[in-house]
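**Q** Dropping a prediction and its sequence here:
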Amino acid sequence: MKNEKKAHLLRFLERNKRFDGRKLDEFRKIEVQTGISRNAEGSALVKFGETMIMAGVKMSVEKPYPDTPEEGNLMVGAELSPIASPEFESGPPGAEAVELARVIDRGIRESKAIDTKQLCLEKGEKVWNTAIDLVTINASGNLIDAGALAALAAIKDTKLPKYEDKQIDYKKRTDKQLPIKKLPIAVTVYKVGPYMIVDPDAEEEEVAETRLTVTSSEGKISALQKGNEYPLTIEEVEKMITIGLEKAKELQKHIR
Amino acid sequence: MRKDGRKLEETRPITAKAGVIKNADGSAMFQIGDTIAYAAVYGPRELYPKFLQDPTKGVLRCKYNMMPFSGSGERVKPGPSRRSVEISLVTEKALLPVLNLEEFPNAVVDVFIELPQTDAGTRCAGICAAAIALADAGIAMRDLVSAVSVGKVNEQIMVDLNYDEESTEGEVADIPVAFMPKTDKITLLQMDGEITKEELVKALEMGKIACKEIYEIQKATLKEKYSGESDEE
C-alpha cells in the first residue's frame, strides 16, 4: 500500500507537481488567527490547509532555575489530542508529542527569541515563567512548522497579567508584551525519493523517507532536527537547509 | 437583570458549527458566551484491547479535556485530572440514552471534547457539541441531547451561569442539566451549592425551556452543514 502510494507520488513529483496541484516547494494556504482564547495571555490558531493547531501562553511567576537566576523560564508543551486524528490516542504524551514540543522549544530558546533577562522580577527568587502549550485540532501533515508558527503568533500576542504585591491578578492584563527579539521560523523539508518537498499533507508525510526541520531567523539557523531513520548525505542536508532558509522568509510574513 | 444585562431565563449568545474537524467522522464547535467546546467523533471503529469489546453492543467512550491555557487563572496541568475524568464519565452517561449502540457490536464510538476557552458551563457546552458531532457522524440517534447549567445566585434562579456568577460570594447553586428535548427527559443532573426542592424544580423547568432553544440551534447547525454540502458535491 505504502509503496504503491509512494510510487504514485513520485510520478507526480517527476512532473514537478503534488497531488493537490502544488509545486514541490509550495506551502498550503496558511491562516494565522490570534486571540482565540481570551483566558490565555496570548493565543493563536494556525491552519496549513486542513492542518489546524492551537497555541496558548500562560504566564506565571516562579523561582528561576539555579543556573539562570536572572532569567525568566520558558516551557513548551504539546498535546497530540485524539480529537485531531484517528491515529492519536489518549494518554500521556508519546514520543511524537515530546519531539514536537522539544523541536519548537529549541527553536525559540536557542535563537533567544524571548529576551528572558527582561523577565526577571527578583534575582534568584522570582521570574516570569512563559508556558507555551500546543494542542492539535486536525492533524493533516506538517505539525512541526504549523506548531512553531502558532507558538510564535501566541507569544507575539501575549500581554502580561498584572503583578502586584507578589501576586498575579489574571483578571487584569497590562499592555506589557513579551520582549521578543527574533522570530525563529521552522521549515521542515521532506525527502521523497530524489525530491525535496515542504509542507506535506498527511498522505505525503506518510511516504516521505526522512525530514529535516530547519529553524532560522534572519538567515541564521537556531535549531535542526532530522526525523525518521532514512540517512542523508551532506549535499542533501545543504540543499534542505537552503530550502528551509528560503521558505522561512515567506512564512515570517504571516507573523505580525 | 443580571450583571451582563441578561434576563434570568436568558442564555448567553450561542454559535455552533458542524464538520469543523476534517479527520473526524463527525465534529462540531459549540460556543456559549465565552465558553468554547470542540467535539470530534471517531467511529464506530473496532475496540482494542479486545477484552473491552461487548459482543451485544458498541461502547461509547468520552474524553473531556480543558486545554492548558483555557482557564481564567493559572495554567491547567495537561492530562486527566479527577475532575476531567468525572466529567468524561457523566458526559458519556448523558449521551448514551439517545444512542442505539446495539447496531455496533464489538465496536467503540469515541467522543473527544476539547475546550480552548472556558467561562463556566463547560461540561454542558461539551455535551451540546458532542451531540451535534454524533449526528454529524451519521450515528443513529433517538434524539439530540441539549445541556445548560441552571442555578441560584443571590436568591435568584437563573439559567446559564457564567464564571462571574458561579463564583459569586455567598449562596450559589450550580446545576448542570441535560435534556433529551423530544421527551423532556433528563440525562445529566449534578449540583453543588444549596437549594430548596421548590427552587430546584423551578430551575429545572427553566433549564428545560433553555434546552429547547439550544436544541433548535443544534438542529439548525446540522441543517446548515448538510444543505451547504449538497451544493458543493
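**A** Great, that's in hand. Numbering: from 1, shown residues only, chains lettered A, B, ... in the order given.
**Q** Give the buried residues for stretch A:153-163.
**A** Applying a neighbour-count criterion of 16 or more other C-beta atoms under 10 Å in any protein chain shown, one finds A:153-158, A:160-161, A:163 buried in stretch A:153-163. Heads up, the C-betas are built off the backbone N, CA and C, glycines and all.
**Q** would TSV of these with secondary structure be doable?
**A** TSV is the format used below for the buried residues of stretch A:153-163 (DSSP: H, G, I helix; E, B strand; the rest coil):
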residue	secondary structure
A:153	helix
A:154	helix
A:155	helix
A:156	helix
A:157	helix
A:158	coil
A:160	strand
A:161	strand
A:163	strand
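**Q** What residues does chain B have near chain A?
**A** Within chain B, the residues that sit near chain A (C-beta under 8 Å from any C-beta of the partner chain) are B:21-24, B:34, B:36, B:38-40, B:42, B:45, B:63, B:65, B:67-75, B:78-79, B:110, B:112-114, B:116-119.
**Q** Backbone dihedrals for whichever residue of chain B sits closest to chain A, please?
**A** Nearest residue of chain B to chain A (C-beta to the nearest C-beta) works out as residue B:69 at 2.7 Å. Phi and psi for residue B:69, reported as degrees, to the nearest 10, are phi -100, psi 10.
**Q** mind listing the strands in chain A by residue range?
**A** Using DSSP state E, the strands found in chain A span residues A:30-34, A:42-48, A:51-62, A:73-79, A:120-122, A:126-138, A:159-164, A:167-177, A:185-192, A:195-198, A:210-217, A:220-227.
**Q** quick one: which of these is nearest chain B?
**A** strand A:51-62 (2.7 Å).
**Q** List the neighbouring strands of the closest one plus their orientation.
**A** strand A:42-48 (antiparallel), strand A:126-138 (antiparallel) (DSSP bridges).
**Q** could I get the ones you listed as JSON lines with mean pLDDT?
**A** Output for the strands paired with strand A:51-62, formatted as JSON lines (pLDDT from 0 to 100):
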{"stretch": "strand A:42-48", "mean pLDDT": "98"}
{"stretch": "strand A:126-138", "mean pLDDT": "98"}
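**Q** now the ones you listed in a markdown table, with mean neighbour count?
**A** Listed next are the strands paired with strand A:51-62 as a markdown table, based on neighbours: other C-beta atoms under 10 Å in any protein chain shown:
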| stretch | mean neighbour count |
| --- | --- |
| strand A:42-48 | 25 |
| strand A:126-138 | 25 |
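**Q** need the residues of chain A near chain B, please.
**A** A:36-41, A:43, A:50, A:52, A:54, A:56-58, A:60, A:77, A:79, A:81-86, A:90, A:92-93, A:131, A:133, A:135, A:137-140, A:170-171.
**Q** Show the buried residues in the residues you listed.
**A** Buried among the residues of chain A next to chain B by 16+ other C-beta under 10 Å: A:36-41, A:43, A:50, A:52, A:54, A:56-58, A:60, A:77, A:79, A:81-85, A:93, A:131, A:133, A:135, A:137-140, A:170.
**Q** Give me the neighbour count for residue B:99.
**A** 20 (other C-beta atoms under 10 Å in any protein chain shown).
**Q** name the element the closest residue to residue B:192 other than its chain neighbours belongs to?
**A** Leaving aside its chain neighbours, residue B:192 sits nearest to residue B:174 (5.8 Å; criterion: C-beta to C-beta, 6 or more residues apart in numbering or on different chains). According to DSSP states H and E, residue B:174 maps onto strand B:172-180.
**Q** Need phi/psi at residue B:91.
**A** Dihedral angles for residue B:91 - degrees, to the nearest 10 - are phi -60, psi -50.
**Q** Touching, it and residue B:123? I think so.
**A** Yes: using C-beta atoms under 8 Å, residue B:91 is in contact with residue B:123, at 6.3 Å.
**Q** Can you give me every residue that contacts the residue nearest to residue A:109 when sequence neighbours are not counted?
**A** Excluding its sequence neighbours, the residue lying closest to residue A:109 (C-beta to C-beta, 6+ apart) is residue A:74, at 6.0 Å. By C-beta atoms under 8 Å, 6 or more residues apart in numbering or on different chains, the residues touching residue A:74 are A:105, A:108-109, A:114, A:116, A:129-130, A:132.
**Q** Which parts of chain B are helices?
**A** Here chain B has its helices, by DSSP state H, at B:82-95, B:122-136, B:163-166, B:197-232.
**Q** Reformat those helices into JSON lines and put mean neighbour count next to each item.
**A** Formatted as JSON lines, the helices of chain B follow (neighbours: other C-beta under 10 Å):
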{"stretch": "helix B:82-95", "mean neighbour count": "18"}
{"stretch": "helix B:122-136", "mean neighbour count": "29"}
{"stretch": "helix B:163-166", "mean neighbour count": "18"}
{"stretch": "helix B:197-232", "mean neighbour count": "16"}
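**Q** Take these and lay them out in a markdown table including mean pLDDT.
**A** Putting those into a markdown table (pLDDT from 0 to 100) gives the following:
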| stretch | mean pLDDT |
| --- | --- |
| helix B:82-95 | 98 |
| helix B:122-136 | 98 |
| helix B:163-166 | 94 |
| helix B:197-232 | 91 |
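**Q** what about the strand holding residue B:174, average pLDDT?
**A** Averaged over strand B:172-180, pLDDT sits at 97.
**Q** The residue nearest to residue A:109 and residue A:104: what is the separation?
**A** Per C-beta to C-beta, to the nearest Å, residue A:74 is found 11 Å from residue A:104.
**Q** Need the overlap of contacts for these two.
**A** residue A:132.
**Q** what residues are up against the residue of chain B closest to chain A?
**A** A:37, A:39-41, A:43, A:56-58, A:131, A:133, B:75-76, B:116.
**Q** Would you mind measuring from it to residue B:100?
**A** On the measure of C-beta to C-beta, residue B:69 and residue B:100 end up 38 Å apart.
**Q** try residue A:229
**A** 46 Å.
**Q** Which pLDDT value belongs to the closest residue to residue A:176 other than its chain neighbours?
**A** Spatially, and ignoring its direct neighbours in sequence, residue A:176 is nearest to residue A:160 (4.4 Å; C-beta to C-beta, 6+ apart). On the pLDDT scale, residue A:160 is placed at 97.
**Q** Alright, I will stop here.
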